[in-house]
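>>> Fold the stuff below for me.
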Amino acid sequence: MYTEKQVEKYLVNRSRETGFICLKWTGETGVPDRILIANGVVTFIEVKGTEGKLSTIQKLMHLRLQDQGATVVTINSYDQVDHLLNELQFD
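Numbers count the residues shown, from 1 in each chain. Reported below is the predicted structural model:
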């Protein structure tokens with residue numbers, strides 16, 4: 001079981017280790033927590049704890065971003081962080 005804070009910290013640390021940029025996005029309700037820039041690919045990341053669920057406003061914002069062609073993912077474990085970063089490392 002992971003808390004949101006643990007998963008986010010792991011994401012930030014692993015991103016730095018791989019040389020990727022992982023920015024915090026603040027200021028608007030419903031936006032994903034992080035913007036990851038890796039090998040020219042921009043991914044919006046919603047971080048949740050193991051038991052976390054997206055709110056309605058988060059779901060709507062994710063759809064708005066995806067409708068504009070953005071990649072949006074939700075992660076809630078260290079394994080999901082590692083999988084995402086591994087995929088982006090080899091794109």
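>>> What lies in contact with the longest helix anywhere in the chain?
In the chain, with assignment by DSSP state H, the single longest helix is helix 4-18. Applying CB atoms under 8 Å, 6 or more residues apart in numbering, the set of residues contacting helix 4-18 from outside is 2, 21-22, 33-34, 36, 38, 45, 47-49, 52, 75-78, 81-82, 85, 89. C-betas here are computed from N, CA, C, even on glycine.
>>> Generate a PyMOL selection restricted to the buried subset of those.
Buried residues among the contacts of helix 4-18 (16 or more other CB atoms under 10 Å), as a PyMOL selection:
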select buried, resi 2+22+33+34+36+38+45+47+48+49+52+75+76+77+81+85
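>>> Strands - which of the contacts of helix 4-18 land there?
21-22, 34, 36, 38, 45, 47, 75 (DSSP state E).
>>> for this protein, what are the low-confidence residue spans?
Across the chain, the ranges flagged by pLDDT under 70 are 91.
>>> Which residue would you name as the spatial centre of it?
residue 45 (1.8 Å; CA atoms, centre = their mean).
>>> Would you check that that one makes contact with residue 35?
Yes: contact criterion CB atoms under 8 Å: residue 45 and residue 35 qualify, at 7.4 Å.
>>> Right, I'll call it a day here.
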